[in-house]
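[1] the amino acid sequence is not available; the structure is as follows:
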Ligand SMILES: C[S@@+](CC[C@H](N)C(=O)[O-])C[C@H]1O[C@@H](n2cnc3c(N)ncnc32)[C@H](O)[C@@H]1O
């Protein structure tokens, strides 16, 4: 009931400029942004640039990105993994709050999307912190594990193909240090997790991971109704 009241159009009306479970036209979402968003001007520029893209709804919601930046600062993170870059809004968001010797390993398979945001990484002066890997994210995570980087990362954001979520989670859990955080996006999948259809592999995959996380003793968790739903897993 409470969620329904706070998020009146839960599951519908993903805003074009930034995905969220609250409808674009919801006065509450606008109120949240008006009273909490502190967006770096170049991040804002990238968000507005991405809003014109036909796949703009893939972009992370700006309030969720701000929460992740605050968490990264809180835990004094140095090494971050971004699984699913798209135009690079959250990659830039992470790079902006990392120390100068920090690093974001940014994974995507589509260079055309990434090219849109890359000039803004440079304009923001953080390009040197971004280690972009254009190949399937599973391959990048395996390479990081093979090169002895297990338990050296502080934060990971899982936001790519939903069918691979469990594999991303398991590999990130090995790459993250104790006390590190894994943020998993789209855990509510516009409400489809309530009734996953057998032929809908993406929803099945998200739902299974949600069920597994609920009883996973390796982490503490919080599932937040922010954006399209985000679970924060805190490695024990
Ligand atoms: C939802 S978007 C990511 C949004 C992004 N995190 C942001 O800050 O706006 C998902 C991205 O995952 C990428 N992707 C899909 N399958 C992938 C794979 N197997 N490996 C790496 N990236 C993949 C897509 O090309 C797309 O850019």
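    Received it, and whenever you're ready, just let me know what you need. This is a predicted model, so every value here is computed, not measured.
[2] name the helices or strands packed onto the helix or strand where residue 105 lies?
    Counting by DSSP states H and E, the element that carries residue 105 is strand 103-108. Under the contact criterion of 3 or more Cβ pairs under 8 Å, 6 or more residues apart in numbering; DSSP states H and E, strand 103-108 touches strand 79-83, helix 89-97, strand 130-134, helix 137-146. The C-beta positions use only the backbone N, C-alpha and C, and glycine is treated the same way.
[3] any idea which of those is most buried?
    Ranked by mean neighbour count, the helices and strands packed on strand 103-108 are led by strand 79-83 with a mean of 27 (mean count of other Cβ atoms under 10 Å).
[4] quick one: the residue nearest to the spatial centre of the chain from residue 203, how far?
    For the chain, the residue nearest the mean C-alpha position is residue 157 (4.4 Å; Cα atoms, centre = their mean). Between residue 157 and residue 203 the computed distance is 20 Å (Cβ to Cβ, to the nearest Å).
[5] hang on, the earlier thing: which among the helices and strands packed on strand 103-108 is found nearest to residue 112?
    With Cβ to Cβ as the criterion, residue 112 lies closest to strand 130-134 of the helices and strands packed on strand 103-108, at 10.2 Å.
[6] in contact with residue 120, which residues are there?
    42, 45, 46, 49, 88, 92 (Cβ atoms under 8 Å, 6 or more residues apart in numbering).
[7] re earlier: want to throw the helices and strands packed on strand 103-108 into JSON lines with distance to residue 176?
    Shown next, in JSON lines, are the helices and strands packed on strand 103-108 (distance: least, Cβ to Cβ, whole Å):
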{"stretch": "strand 79-83", "distance to residue 176": "8"}
{"stretch": "helix 89-97", "distance to residue 176": "14"}
{"stretch": "strand 130-134", "distance to residue 176": "17"}
{"stretch": "helix 137-146", "distance to residue 176": "11"}
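[8] could these be laid out in a markdown table, adding mean pLDDT?
    What follows is these, written out as a markdown table (pLDDT from 0 to 100):
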| stretch | mean pLDDT |
| --- | --- |
| strand 79-83 | 98 |
| helix 89-97 | 98 |
| strand 130-134 | 98 |
| helix 137-146 | 98 |
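[9] residue 46 and residue 40, how far apart?
    9 Å.
[10] neighbour-wise, which of those two wins?
    Neighbours per residue (other Cβ atoms under 10 Å) separate residue 46 from residue 40, with residue 46 holding more: 27 against 16.
[11] my guess is that one contacts residue 92. True?
    Yes: between residue 46 and residue 92 there is a contact at 6.1 Å, judged by Cβ atoms under 8 Å.
[12] okay, and the common contacts of those two?
    117, 120.
[13] give the pairing partners of the longest strand along the chain; include direction for each.
    In the chain, assigned by DSSP state E, the strand with the most residues is strand 176-185. Note on strand 176-185: by DSSP bridges, its sheet partners are strand 153-158 (parallel), strand 230-235 (antiparallel).
[14] what's the angle between the next helix or strand after that strand and strand 153-158?
    Next in sequence after strand 176-185, counting helices and strands by DSSP H and E, comes helix 201-214. If you take axes from the mean of the first three to the mean of the last three Cα atoms, to 10 degrees, helix 201-214 sits at 140 degrees to strand 153-158.
[15] what's the first helix or strand after helix 201-214?
    Using DSSP H and E, the first helix or strand after helix 201-214 is strand 219-224.
[16] from the chain's centroid, how far away is that following strand?
    15 Å (Cα atoms, centre = their mean, to the nearest Å).
[17] quick one on the thing from earlier: is the ligand within reach of the helix or strand that the strand holding residue 105 is followed by?
    Downstream of strand 103-108, the first helix or strand assigned by DSSP H and E is helix 111-123. Yes: Helix 111-123 lies within reach of the ligand by Cβ under 6 Å from any ligand atom, at residue 113.
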